[in-house]
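A.B. asks: let's see this in three dimensions:
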Amino acid sequence: MSEIMMHTDVERILVSAEEIDRITTKIAAKIDEDYKNADGKLVLLGILKGSVVFMGDLMKKITLPVEIDFMKVSSYGAGTTTTGRIKIHLDLCRSDLSECNILIVEDIIDSGKTLSYLTEYLRINGARSVKTCTLLDKPSRREVDFVSDYVGASIPDEFVVGYGLDYAEKYRALPYVGILKREVYEKN
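C.D. replies: Next up, the predicted model:
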């Protein structure tokens, strides 16, 4: 799929590259402030695959020492709606979890089930602290009582792609977040 075709599949840009840059700068400054006197290690825990682009930009702007790690978790099947079941495909395996202040970095919060589950899972497994950070939040889709500690932007209930977010593994490399044209995902 060519870059031109990817752009033409986007109905409109919802969060521009410039806005994303401002968001990551603002969140990084808040993280620096919140963790500057924290005991333990600050570990950014990226949820694969969607958070990779956001986490990469975010960690470059955090001035504190950070470590990174990853988990692969899903609540989506092959389509555009959540199954409601959380599956851990790649777990966090650290012997020093009790020394870690885990900051889960996610691309988007929809139902809230995945981050709610992961937060509790990491606490039960002994993390020193657990907070969450998301680029995008769809509060209208929330199915559980969950509020992220750091939120880049609240967005309407639209199917979005770009900046790590995908549809069928496409569109992740777009430098912005855009609304995918309905006919693209309804034809499949």
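A.B. asks: quick one: end-to-end distance for stretch 90-103.
C.D. replies: 17 Å (CA to CA, to the nearest Å).
A.B. asks: now swap in stretch 93-101 and tell me
C.D. replies: End to end - CA to CA - stretch 93-101 spans 15 Å.
A.B. asks: give the rounded mean pLDDT of that stretch.
C.D. replies: Here stretch 93-101 scores 94 as its mean pLDDT.
A.B. asks: just say helix, strand or coil for the residue nearest to residue 10 when sequence neighbours are not counted.
C.D. replies: Once flanking residues are discounted, residue 10 sits nearest to residue 178: 3.7 Å by CB to CB, 6 or more residues apart in numbering. Where C-beta positions appear, they are placed from N, C-alpha and C, glycine not excepted. Of the three states, residue 178 takes strand under DSSP: H, G, I helix; E, B strand; the rest coil.
A.B. asks: wait, residue 178 touches residue 17, no?
C.D. replies: No: counting by CB atoms under 8 Å, residue 178 stays clear of residue 17, with 10.8 Å between them.
A.B. asks: okay, the two: which has more neighbours?
C.D. replies: residue 178 (25 against 13; other CB atoms under 10 Å).
A.B. asks: residues contacting the residue nearest to residue 10?
C.D. replies: 10, 11, 12, 13, 14, 160, 161, 162 (CB atoms under 8 Å, 6 or more residues apart in numbering).
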